[in-house]
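*Asks:* mind folding the following:
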Amino acid sequence: MRIALYQPDIAPNTGAIFRLAAVLGVEVDLIEPAGFVITDRRLKRVGLDYLSELRMTRHISWQSYLAEHNSRKTNPSRILLLTTSGSDRYIDFDYCADDTLLLGRETAGVPKEVHDAVDARLRIPMQLGQRSLNVVVATAIVLGEALRQTNLWQDCV
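*Replies:* So this is what the prediction gives:
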């Protein structure tokens, strides 16, 4: 299981996702450009000392990310985009252990080319009239369900 962040633009949110990933043993792909310098003190303040445990790969662009993603295995894993315009409810989706959860920019989501390249678009059901959840909260909700379904919690005590 992996998390991919598409051009994140809020350092504290990214730091919190890094911390979540480090604590749960999930690898992160950071697709640049980010809206902050990766050494940003706000990112480090939220990530605390957990960042030393983070397994992260930086990619200079969406194209370089896709090239590496597609070369990882003979059968590349699925990329699952978390989006408010998703067609599948996250709770109804069948996850695989090698899936990647992709999150867009907090302020703009992802462009059409990214929407078109993913294997599924997942949404978290919300009350009518509500716009979206914080990206960290959305990541934790969906990642928790994906780890539960794939039994990847077994590595956690």
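
*Asks:* can we go C-alpha only for contacts and neighbour counts from here?
*Replies:* OK.

*Asks:* which residues in this structure form strands?
*Replies:* For the chain, the strands identified by DSSP state E occupy 2-6, 27-31, 56-59, 79-82, 88-89, 100-103, 120-123, in order along the chain.

*Asks:* now render these as CSV, adding distance to A138, mean neighbour count and mean pLDDT.
*Replies:* What follows is these, written out as CSV (distance: least, CA to CA, whole Å; neighbours: other CA atoms under 10 Å; pLDDT from 0 to 100):
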stretch, distance to A138, mean neighbour count, mean pLDDT
strand 2-6, 12, 23, 97
strand 27-31, 15, 22, 95
strand 56-59, 20, 16, 91
strand 79-82, 8, 23, 97
strand 88-89, 12, 15, 96
strand 100-103, 9, 24, 98
strand 120-123, 9, 21, 96
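
*Asks:* out of those strands, nearest to V136?
*Replies:* In this view, those are compared for proximity to V136 by CA to CA, and strand 100-103 is the closest at 9.5 Å.

*Asks:* shaky segments in this structure?
*Replies:* Across the chain, residues meeting the criterion (pLDDT under 70) sit at 39-49, 73-76, 154-157.

*Asks:* contacting residues for the residue nearest to the spatial centre of the chain?
*Replies:* In the chain, the C-alpha nearest the mean C-alpha coordinate belongs to I3, at 3.4 Å (CA atoms, centre = their mean). Contact criterion CA atoms under 8 Å, 6 or more residues apart in numbering gives 21, 26-29, 100-103 as the residues in contact with I3.

*Asks:* can you rerun that using 6 Å?
*Replies:* For I3, the contacting residues are 28, 100-102, taking CA atoms under 6 Å, 6 or more residues apart in numbering as the criterion.
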